[in-house]
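Trainee: Sequence isn't available, so here's the structure alone:
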DNA sequence: GCAAAAGTGTTTTCATTACACCCATGC
DNA sequence: GCATGGGTGTAATGAAAACACTTTTGC
């Protein structure tokens, strides 16, 4: 077979919007870009799609290179293709967003990439259209978490209900009534109470919970209305 | 500036999943592919992204070539990038789905592309991964229409509540109680009752409604819970 | 004993569901 | 006058929201 004639071929990149939660705030993992153009500027972690790779493969590879993590929650966010988005050469980018347990991210912040977790509240200027990507990822996270139980992906295996509530409050930048909140999350049946308690953040201690993995898989795509009134999202 | 060295460039295509509604069933607009490979097989309408075009531009251009329509509801669905998806040459495809008023689609089905509206219930074999695209688009449509008032895009400017109900029933392949259905859609405040009636489908006639465009724009991204229990979607 | 966070219960309000009859018209 | 589809009301149920006090324990 021949090739399609007279058509322009383009570079295809992946960029990863990697979210973490440090117990208080939502964080974004960014790097200092290591090559021109825009070398030394803050950037999302990314790379080019290789000839034998699909997008998911490429995104997983890139995430692993940066964090050492595998099997992390990741989904395709959007394909960005403005003709001028990379001044060097026409490059399209398929953006993925990932949710990682920031605690499992042991590998110290790679010297090679100069990666850092920065708070979503104070994001520095990012190269190209990466700020658009981050904004869209944040909107998608809010949208999706209102309906599906994805925020657990940001927590360690064992977590407390107050921790979970702080996470939801960080994502929606609002406060929830703790009685209604705990009733709601427990009513999903997704949580299994543990015998031990977390004791660093209070004297009394808060019981740990784990996800019921069976139910979690089963309900992952159900409409759970996790957040009753998330406001005007898109 | 130079170019990025040692990276593979790829063809970038757009494919359009175009939905219509004929008053009874959901339809998909497909064409007979006009070039090799797979010439003469059923295919989605598509084309290559040009050097000076963004994805939205390209998708609009392609939709216009096929249907003559502009200003149609269209959103990016997903980027498909499996390394083997086009046997001829590595080609990635950014899929869009569009909702068109099938009645506004006057231009007779283009001879050049041999386009046809086919029922979603009996889709023929499509080339490449186009069936995956259609399935994903249908899932997205159900997902989104459960929460946002997008199905109006499939109807003419003036429509009746029974027509609207048939549309929702087609999308979700289920039946709704007409009293609850009409109360629910009217409670959104999005509909403006007209003075005239549609008289072809019943003797008594059903009042026409139009969208309140102001409120429609304002509420487009709100969570409306248009369909209370859409079941297990993804 | 007191400060700090965890945990729990009740009432009200609102949305959703289930369900049945009358209306207008063409034939 | 009857068949066809259009249009409406009500009662019961379930989910969400508002709201305050008791418990535990380290200091």
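Mentor: Now that the structure is in, tell me what you want to look at. Please read all numbers here as calculations on a predicted model, not as lab measurements. Residues are numbered from 1 along each chain as shown, chains lettered A, B, ... in the order given.
Trainee: Those residues of chain A touching DNA strand D, which are they?
Mentor: By CB under 7 Å from any atom of the strand, the residues of chain A that approach DNA strand D are A:177, A:178, A:179, A:180, A:184, A:187, A:203, A:204, A:205, A:225, A:228, A:229. Any C-beta I mention is one placed from the backbone N, CA and C, and that applies to glycine too.
Trainee: just checking, what's the longest helix in chain A?
Mentor: helix A:130-145 (DSSP state H).
Trainee: burial count for the residue nearest to residue A:157 when sequence neighbours are not counted?
Mentor: Excluding the flanking residues, the one nearest residue A:157 by CB to CB, 6 or more residues apart in numbering or on different chains is residue A:210, at 6.0 Å. The tally of other residues near residue A:210 (other CB atoms under 10 Å in any protein chain shown) stands at 16.
Trainee: A strand includes residue A:210, no?
Mentor: Yes - secondary structure of residue A:210 (DSSP: H, G, I helix; E, B strand; the rest coil): part of a strand.
Trainee: Show me what counts as buried in the longest helix of chain A.
Mentor: By neighbour count, and taking 16 or more other CB atoms under 10 Å in any protein chain shown as the criterion, the buried residues in helix A:130-145 are A:130, A:133, A:134, A:136, A:137, A:138, A:140, A:141, A:142, A:143, A:144, A:145.
Trainee: same deal with stretch A:143-153?
Mentor: Neighbour count says stretch A:143-153 has A:143, A:144, A:145, A:146, A:147, A:148, A:149, A:151, A:152, A:153 buried, by 16+ other CB under 10 Å.
Trainee: Return the member of those residues nearest to residue A:59.
Mentor: Taking CB to CB as the measure, residue A:59 lies nearest residue A:153 of those, at 15.2 Å.
Trainee: The closest one and DNA strand C, how far apart?
Mentor: Between residue A:153 and DNA strand C the distance is 21 Å, computed by CB to the nearest atom of the strand, to the nearest Å.
Trainee: cool, and residue A:35?
Mentor: As for residue A:35, its distance to DNA strand C is 45 Å (criterion: CB to the nearest atom of the strand).
Trainee: neighbours around that residue, how many?
Mentor: 8.
Trainee: where does it fall, phi/psi-wise?
Mentor: Dihedral angles of residue A:35 (phi, psi; degrees, to the nearest 10) stand at phi -150, psi 160.
Trainee: how close does it sit to chain B?
Mentor: Residue A:35 sits 9 Å away from chain B, going by CB to the nearest CB, to the nearest Å.
Trainee: Can you give me the pLDDT of that residue?
Mentor: We have a pLDDT of 88 for residue A:35.
Trainee: Check the offset of the longest helix of chain A from the chain's centre.
Mentor: On the basis of CA atoms, centre = their mean, to the nearest Å, helix A:130-145 sits 9 Å off its chain's mean C-alpha point.
Trainee: for stretch A:160-173, same thing?
Mentor: Chain-centre distance of stretch A:160-173: 15 Å, with CA atoms, centre = their mean.
Trainee: for stretch A:88-100, same thing?
Mentor: Using CA atoms, centre = their mean, the offset of stretch A:88-100 from its chain centre is 13 Å.
Trainee: Next, the buried residues of it.
Mentor: Of the residues in stretch A:88-100, A:90, A:91, A:92, A:93, A:94, A:95, A:96, A:97, A:98, A:99, A:100 count as buried by neighbour count, 16+ other CB under 10 Å.
Trainee: measure the fourth one to DNA strand D for me?
Mentor: Residue A:93 sits 37 Å away from DNA strand D, going by CB to the nearest atom of the strand.
Trainee: Which neighbouring elements make contact with the helix or strand containing that residue?
Mentor: Per DSSP states H and E: residue A:93 is located in strand A:91-99. Contacts defined by 3 or more CB pairs under 8 Å, 6 or more residues apart in numbering or on different chains; DSSP states H and E place strand A:91-99 against strand A:9-21, helix A:55-67, strand A:73-80, helix A:130-145.
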